[in-house]
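**Q** Based on what follows, work out the 3D shape:
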Amino acid sequence: MDQDFYETQLIFLTCCCVLFLLVEHILSRSKKSSRDAAEARMEDGGVPNTTLLAKLTRQYLFVYAMVMGADWLQGPYVYSLYREQYKFPERLVALLFVTGFSSGALTAPLVGAWADQFGRKKICLVFCITYTLSCACIFVRYLPILLIGRFLGGISGSILFSAFESWLISSSNGAGISDSNLSRIMGRASLINGLVATGAGVVSNQLVSSTSNFGSPFLLSGTILVLAWFVIARTWQENYGSSAAEAGTQNINIFQIERLAKAWRIARQDRVLLVLGLTQTCFEGSMYLFVFLWVPSLQEASHSSNILPLPLGYIFSAFMISMMLGSLLYTTITSHLLTSPSKSNGSLSIHAKLSSLVCAISGLALAASVSSRNEKIRFWCFCVFEACVGIYYPVQGMLRGTLIPNEHRATLSSLFRVPLNVFVVVSLLTGVSSARYAVLSASSVMLGFSAIMTGLVIVNHADKYSV
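**A** Numbers count the residues shown, from 1 in each chain. Purely as a prediction, here's the structure:
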């Protein structure tokens with residue numbers, strides 16, 4: 001019965017996604033000619049703006065698909081490799097996960113500061129190396145090596161969710177690309193994230209089935225990361241957090257104390273940036289904890305969980321398609337509200353309102369999943385939450401790009417990840433699975449608080465911070 005239900009919902013969501021894609025494509029084509037006429041211009045005999053946009057879109061999305069695909073390949077089988085193949089006890093597995101999040105919290109500020117001073121491209125190349133080494137370490141069944149691998153994985157995660165986005169925004173600003181087009185690139189990136197996540201789940205499942213080894217997806221992931229290194233090295237241009245860094249006149253400081261202190265002073269004195277960091281902590285913290293909670297929550301609500309296992313592959317694919325639907329909805333909303341460069345001044349207000357709305361809806365979805373014991377209702381609540389994830393990433397990326405100065409963009413983006421990782425580590429140490437109702441309820445309350453603060457602070461100050 002469960003199998004039939006989830007198959008039907010997966011087919012329904014897939015049809016909705018295909019239909020949405022067709023409608024969005026038709027609508028975007030109807031406006032493409034007028035938009036191109038407004039934006040395709042020559043400046044001092046230079047390259048047309050549309051040519052630069054197409055080039056940047058290809059450069060970023062191709063690399064983004066590779067690195068996110070490599071990341072998603074590892075996700076489904078990390079726990080199974082430690083617990084089932086290596087036969088590690090539950091506490092040791094928890095220690096390995098905590099090590100990854102702890103290293104992310106400890107190194108996030110340094111990673112961002114290094115990216116701003118030494119170059120975002122260089123740090124993205126470092127990401128490919130550290131994440132490849134993390135994949136290699138997981139094949140050595142020796143605890144110190146495995147801990148080193150998790151430590152490298154935490155560093156890589158901090159780079160993945162700060163330096164790549166900072167490179168895109170800085171490159172976009174340098175090329176004179178409008179907010180509406182940057183928003184479109186980020187919307188496409190969120191859509192691609194859902195696509196590669198769905199594909200990575202299928203591929204990793206097939207690899208494990210054919211090799212009977214939970215480590216095989218990590219081998220493919222490492223291979224993709226090596227290829228991504230070469231693509232970044234050959235196609236990306238370097239950009240920095242300041243002209244001084246670009247000119248190479250800044251003193252080399254490994255610990256970046258001065259830069260970190262300056263970035264913290266900027267954030268501390270600006271309540272808009274503090275609320276932006278609050279939203280990142282609340283939403284992404286809830287998202288990471290959701291990864292640990294959705295399986296036991298659905299199993300508890302399933303009437304046949306003791307007879308037949310839940311089709312977790314179908315459910316995961318349904319979540320990823322829901323995330324794709326969210327990204328398509330974001331692209332549709334922004335493409336119609338930001339139809340010309342003259343409307344770009346309203347970009348901050350639109351994205352601030354979307355951020356507040358997404359936090360509110362995702363909080364309500366988690367609250368509804370706690371209050372209901374019905375398996376189908378919980379499933380759809382989780383699908384709504386995943387759709388909000390698809391909207392959140394491009395929205396938050398645009399807000400960071402608008403509100404955070406380029407000189408400290410990667411530094412502040414990484415600083416915001418420190419409380420996020422601490423929040424996840426504390427939750428893991430207290431046992432999220434056994435206290436899932438309390439964790440989901442707390443996440444719902446925090447998301448509601450974040451929605452209110454975003455509405456009161458960022459939305460009300462949108463005009464002041466519009467560029």
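**Q** residues of stretch 429-449 that come out buried?
**A** Within stretch 429-449, the residues scored as buried using 16 or more other CB atoms under 10 Å are Val432, Arg436, Val439, Leu440, Ser441, Ala442, Ser443, Ser444, Met446, Leu447, Gly448. From N, CA and C alone the C-beta is placed, and that goes for glycine too.
**Q** Tell me which residues are up against it.
**A** 94, 98, 282-283, 285-286, 289-290, 292-293, 296-297, 359-360, 362-364, 366-367, 369-370, 427 (CB atoms under 8 Å, 6 or more residues apart in numbering).
**Q** Separate out the buried members of those.
**A** Neighbour-count burial (16+ other CB under 10 Å) applied to these gives 98, 282-283, 285-286, 289-290, 292-293, 297, 359-360, 362-364, 366-367, 369-370, 427.
**Q** one step back: which one among the buried residues of stretch 429-449 sits at the bottom for pLDDT?
**A** Lowest pLDDT among the buried residues of stretch 429-449: Val432, with 59.
**Q** Quick check: Leu106 vs Met446, distance?
**A** Distance of Leu106 to Met446, given as CB to CB, to the nearest Å: 23 Å.
**Q** Dead centre of this protein: give me the residue that sits there.
**A** Nearest to the geometric centre of the chain sits Tyr393, at 5.7 Å (CA atoms, centre = their mean).
**Q** now the strands: where do they sit in this structure?
**A** Taking DSSP state E as the criterion, the chain carries no strands.
**Q** Spatially nearest residue to Ala175 (excluding sequence neighbours)?
**A** Leu52 (4.4 Å; CB to CB, 6 or more residues apart in numbering).
**Q** circling back to that earlier point, which of the buried residues of stretch 429-449 lies closest to Leu337?
**A** Leu447 (23.7 Å; CB to CB).
**Q** What is the neighbour count of Phe385?
**A** Each residue near Phe385 was counted by other CB atoms under 10 Å, and the total is 27.
**Q** Excluding chain neighbours, what is closest to it?
**A** Closest to Phe385 by CB to CB, 6+ apart is Ala365, at 4.5 Å.
**Q** who's in contact with the one you found?
**A** With contact set as CB under 8 Å, 6+ apart, Ala365 has these partners: Cys381, Phe382, Val384, Phe385, Cys388.
**Q** do the same with Ala136
**A** Gly149, Gly222.
**Q** Run a quick neighbour tally on Ala70.
**A** 28.
**Q** Local confidence estimate at Gln299?
**A** At Gln299, the pLDDT value in this model is 79.
**Q** My read is that it contacts Leu310, right?
**A** Yes: the pair Gln299 / Leu310 is scored as a contact, 6.1 Å apart, by CB atoms under 8 Å.
**Q** With neighbour numbers in mind, choose between those two.
**A** Per other CB under 10 Å, whichever of Gln299 and Leu310 has more neighbours is Leu310, with 19 against 14.
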